[in-house]
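In: Pasting a predicted model and its sequence here:
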Amino acid sequence: MRLVAFFVGAALATVAVPASAQLSFEEAQAAIDSSDAARIQTGIETIGLTGDVRGVPLIVARVRRGLPPELLESALDTLAVLGHVEAGPLLIELLSHRRASVRLRAVQALATCHPSGADRALAGALSDSSPDVRAAAATALGDVGGVSAMDQLFLALDRGVPEAGMAIARLARPADVTRLLGLVGHVPFTQMSPILADMLGRDTVPQRSRLEIVAAIGELASAEARGLLEQYVQAHPGTDPVTRAAEAAAARIAQ
Amino acid sequence: MSTPTRIVTLALLGLALVPACGGSGGLGSAAFSQRFPDDRVDHVEAVVARLRTAPPEHDRSIVLLAATSPDRLVAYDLAAQQRLWEVPATLRTIPYVAGHYVVTQEAGGVVVRALDGGRETARISDDQMGLVGADGDRDSGAIALSTGGAVGARSVLVGLSSGSPSFRAEVDQALGVPAVRGDMIFQPWGNQNLSVIEEDGGEIARVRVTRGVLGHAFVEGSSIFVGQAGIGLLSADLDSASDVPWLEIASTPRPGNPPLMRDAYTPPPAPGSATHRVRLAFAPRAQGTSVALVDDLVVLVFYRLVFGLSDLGARAAWVQEMPHDVVGVSVREAGIFVVDDHGEASLLSRSDGRPIWTASIGETATYAAIDPGAFAPTGTPQGDALPLRDQLLSAAQSTDARLVPAREFAVRLLGALEDPAVTGNLVALCDDRTVPASVHTSACEALATRSTGPDAVVSALARHQAFLQGTTAPPVGSLARAAMTMAERRATPLLLAQMRDPETRADDLPALFDALAALGDASAASSIEDFLRLYHAEPSDSGLAPGLTRGVAAYAHLAGPTSRELLQALGDDALTMQEVRIAAQQEIANLDRAASGDTGTVAATTDGGDGSSMSFSEADDTRPRELTAPMVAQIVDSARAELRECLVAPGRVHGQARVVLVVEPTGELAMVSVSPDTLQACVEPIMRRFTYPATQSRSRQRVTHVIRR
């Protein structure tokens, strides 16, 4: 959804769509198949604005035939907007494109297309040389539910990819929570804090796991830990066991 | 004959005047006379005969140290391992052992001291000239002072007798470094002359040499050697002819490019000059009327690295890293005497460079003149005898910042070793971006030309950069070139994977595509096609142009006539990078030419002559699968001696030459490339005389043949 809003916003607000952009599908197809950069751009934009998924194979084929960088990026943005699984194989191939900007867009588009094999491909992108691509891949793994990449996400977190922590928070199963809590005290609390806060606030995380998180934070007995617990209590007032445990842990730290 | 403009022979310090025999060419003529004849065989033979009967040289083993803190001259007896004497002295040039005396240049002029006790026996005004050299034999000696240079040069030769000047000869020419033996002074001058002068100052023989510069004369046993960049032996065969016996070492570039002997016609360097820490040393021996070096060994000193270079300096024999900078070296039959700047003396084994004897002089010094005489200590070499590969690798990985040129040199020497394991070492060095750029470049270049050790190449090509695994991209370009040199077909899929890897540097792509083309696996064409399609519309400034154009060539080569469709598409696409379009159009033109010439097509069937068709299977093909280096060696074996003669080029003797043959599947030689390129003219016609077999190869092959001395 973020990408859709970005693309449409960019197309409508910052780039005045020329009259020629109002093409029929057939006209857009012809434009995309041409060797004229302006026409290709118009054809791609037309497909993006109309959301016509019949345009996906057209754009995929055109990308495979080779485009200048700016048109290639535009095509990928459009594929992200269309979010169609048919773009998956191309997007996975483009994870090894020589331009980091192309790889970044391919990652973002994979997150919207959810093709088969996306989790494996995105796990591989965690090893990309570009920090931006690695961060986007971690985020995208959270988006596509890439639980199979949990080991790589933990490794990425260990190697300083903070977005991997947030993806872990989104995907964590009870065993993963325990594994994550093993890092508390070893990884800087400033890095762990948003991950733990996110997991505490997630209803999808079992209550038992969230109680484990509260206990682990409480054991730190630092001002930062107390602050995190107090924030949780303020955001989740009531008699929920997790809230009560957080109140009690914060109180112990205060003493 | 050279024409000195002024000749003066004077008495000095109250000594008797030297007879000025002004005859026209007779024996005993005043030194450097312009009328003295050169290249008189009878004169030279008489001198050589006197040398044979000269009594043995003195048998003392002396080290003279330009010691520091405070400045002193220290004489040390190596055999006795004891200090003989020391005197306060600030030396302007290096000190010389001259028979039973020591000659130095100090603030007060040239000082002569007795080796026995250090007593000053003479002090001579240097008249603002430099002490070019001095030598002696027992109580006879000679001192050469000169301004150096050519036009306006001014020099003085001072004869010594029992430590005191015996004659003085002035000449308006530059003098070189003299030698003294059998009461005769052997004085090089004017770049190409050697005058033989009696101890009374009379000249008795002169030779003029055009084969090389005469800057130095030196004694080994009863032989007198002369030269500067090369070495000749004083004999009746040595004259101004251009083909006189003359030894030159291999012309291999070396760190600092030290000359065989320093230029004697430039002002002599101070004892602390770096030229004394970066130098060559050798031990000449007479071989008939020619010159040989003991073991064909040239020793290169580069600060604290000492290289033993065999084959007249062409190849590594060993390398030894000393604890401190070497400031004195002397190569003898017994080994290599070295003295470092902490006053540690060692004798290194000629065979492996390990120390076999050490002594501590205990003085820091900027220079050490070593005259070991007949001293030849024996002992068990210290430390383990490491394989040459490990010695060179250790030198290449030294962390002393001053040694970078020597590290680079060590890498080059390493690359010249055939040992397959070296390839793995070169991969590691080429892979290491933390080493100095020149060392890295040298390692990568050496890797690219390897012909052994394919497993290391294949293994390295299989690696890819991965952030999580902490792995880095290998040096693909050099590995690709190595795979091409080795005709390593296992590399093809690995090269394709590297082609698709965004971490493969754009600079490496040309070599990668060249290798894919050379390896000739047609199945690679479709992957190259995908790559060309995807990137053909990149801008020219993307850095991909060289790689893409070579990719076009590789694709055309591998896909053959079927490449036309893609080439046409690339040529027609308005978005195609200009360089790629041109490359595609060129390949289309090549296809058109091939089609019109009706060449290059191999039929799978042929007419049997009676109209029937005969089919051939692969098993019927008796052609070798490919041309290999051993096959080439066998083919050209009959010309081996002739090829080796090519290594002896005018003015240089090369240790080896590398010949790269590019051979068509038909056996036709497409190209012969010889390194060093100066040997191209000699080697290529010989290689082209031979017929090379047609092979089953589907593409051109590169085969490397090495010619060794």
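Out: That came through, no problem.
In: For B:Asp137, give me its contacts.
Out: Taking C-beta atoms under 8 Å, 6 or more residues apart in numbering or on different chains, we find B:Asp137 in contact with B:Ala54, B:Glu57, B:His58, B:Gly99, B:Val180, B:Arg181, B:Gly182, B:Asp183, B:Val219. The way it works is simple: take the backbone N, C-alpha and C, and place the C-beta from them, glycine included.
In: again with A:Ile217
Out: A:Ile217 touches A:Val184, A:Leu196, A:Ala225, A:Leu228, A:Leu229, A:Ala249, counting by C-beta under 8 Å, 6+ apart.
In: out of everything not next to it in sequence, what's closest to it?
Out: Spatial nearest neighbour of A:Ile217, chain neighbours left out: A:Ala225 (4.8 Å); criterion: C-beta to C-beta, 6 or more residues apart in numbering or on different chains.
In: thinking the one you found is in contact with A:Phe189, fair?
Out: Yes: proximity of A:Ala225 to A:Phe189 meets the contact threshold set by C-beta atoms under 8 Å, at 7.1 Å.
In: The two: which has the busier surroundings?
Out: A:Ala225 (22 against 15; other C-beta atoms under 10 Å in any protein chain shown).
In: What separation do you get for that one and A:Gly201?
Out: Distance of A:Ala225 to A:Gly201, given as C-beta to C-beta, to the nearest Å: 16 Å.
In: who in the stretch 151-255 of chain A is up against chain B?
Out: Contact residues, the stretch 151-255 of chain A versus chain B (C-beta under 8 Å from any C-beta of the partner chain): A:Gln152, A:Leu155, A:Ala156, A:Arg159.
In: From A:Gln41, how far off is the third one?
Out: Distance, A:Ala156 to A:Gln41, using C-beta to C-beta: 36 Å.
In: next one: the second one
Out: Separation of A:Leu155 from A:Gln41 (C-beta to C-beta) stands at 40 Å.
In: May I have the secondary structure class of B:Ala142?
Out: strand (DSSP: H, G, I helix; E, B strand; the rest coil).
In: nope, B:Ala205 is what I was after
Out: strand.
In: thought it was touching B:Ala49?
Out: No: in this structure, B:Ala205 is not within contact of B:Ala49 by C-beta under 8 Å, at 11.2 Å.
In: What distance separates the opening and closing residues of stretch A:119-132?
Out: End-to-end distance for stretch A:119-132: 18 Å, by C-alpha to C-alpha, to the nearest Å.
In: What mean pLDDT does that stretch get?
Out: Averaging pLDDT along stretch A:119-132 yields 97.
In: Which ones among the contacts of A:Ile217 map onto helices?
Out: Secondary structure from DSSP state H places A:Leu196, A:Ala225, A:Leu228, A:Leu229, A:Ala249 of the contacts of A:Ile217 in helices.
In: and the fourth one, how many neighbours does it have?
Out: Spelled out, it's A:Leu229. Considering only other C-beta under 10 Å, A:Leu229 is surrounded by 29 other residues.
In: shouldn't it be in contact with A:Ala215?
Out: No: counting by C-beta under 8 Å, A:Leu229 stays clear of A:Ala215, with 10.7 Å between them.
In: who touches the residue nearest to A:Ile217 in this structure?
Out: With C-beta under 8 Å, 6+ apart, A:Ala225 has these contacts: A:Phe189, A:Ile217, A:Gly218, A:Ile253.
In: mind redoing it with 10 Å?
Out: Counting by C-beta atoms under 10 Å, 6 or more residues apart in numbering or on different chains, A:Ala225 touches A:Val184, A:Phe189, A:Met192, A:Ser193, A:Leu196, A:Ala216, A:Ile217, A:Gly218, A:Glu219, A:Ala249, A:Ala250, A:Ile253.
In: ok, so what distance separates the fourth one from chain B?
Out: Distance of A:Ser193 to chain B, given as C-beta to the nearest C-beta, to the nearest Å: 24 Å.
In: now do the first one
Out: A:Val184 sits at a distance of 22 Å from chain B (criterion: C-beta to the nearest C-beta).
In: cool, A:Ile59 as well?
Out: Applying C-beta to the nearest C-beta to A:Ile59 and chain B gives a distance of 14 Å.
In: same deal with A:Met199?
Out: For A:Met199, the distance to chain B - C-beta to the nearest C-beta - is 23 Å.
In: What's the mean pLDDT across the lengthiest strand in chain B?
Out: Scanning chain B for the strand with the most residues, using DSSP state E, yields strand B:290-302. Averaged across strand B:290-302, pLDDT comes to 97.
In: same check, this time on stretch B:181-192
Out: 96.
In: Could you work out the end-to-end span of that stretch for me?
Out: Stretch B:181-192: ends 20 Å apart by C-alpha to C-alpha.
In: cool, stretch B:242-259 as well?
Out: Termini of stretch B:242-259 sit 21 Å apart (C-alpha to C-alpha).
In: List the buried residues in that stretch.
Out: Across stretch B:242-259, burial judged by 16 or more other C-beta atoms under 10 Å in any protein chain shown covers B:244-252, B:254-256, B:258.
In: Tell me where the stretch 551-700 of chain B has helices.
Out: B:564-572, B:578-597, B:629-635, B:640-646, B:680-688 (DSSP state H, counting those that start in this stretch).
In: Looking at those helices, which is nearest to A:Gln234?
Out: A:Gln234 lies closest to helix B:578-597 among those, at 62.0 Å (C-beta to C-beta).
In: How far does the closest one sit from its chain's centre?
Out: Between the centre of helix B:578-597 and the centre of its chain there are 44 Å (C-alpha atoms, centre = their mean, to the nearest Å).
In: which of B:Ala205 and B:Ala49 has more neighbours?
Out: B:Ala205 (26 against 10).
In: Can you get me a residue count around the spatially closest residue to the more buried one that is not a sequence neighbour?
Out: Leaving aside its chain neighbours, B:Ala205 sits nearest to B:His43 (3.6 Å; criterion: C-beta to C-beta, 6+ apart). B:His43 has 21 neighbouring residues, counting by other C-beta under 10 Å.
In: Make sure B:His43 is actually in contact with B:Leu238.
Out: No: between B:His43 and B:Leu238 no contact is recorded; they are 11.8 Å apart, counting by C-beta atoms under 10 Å.
In: Help me confirm that B:Gly353 comes into contact with B:Val301.
Out: No: when contacts are counted by C-beta under 10 Å, B:Gly353 is not listed as touching B:Val301 (11.9 Å).
In: Around chain B, which positions in the stretch 1-150 of chain A sit nearby?
Out: A:34-37, A:40, A:63-72, A:93-100, A:102-103, A:123-131, A:133-134 (C-beta under 10 Å from any C-beta of the partner chain).
In: hey, where'd the helices end up in the stretch 151-255 of chain A?
Out: Counting by DSSP H, counting those that start in this stretch, the helices of the stretch 151-255 of chain A are A:162-171, A:174-181, A:189-200, A:207-220, A:223-235, A:241-254.
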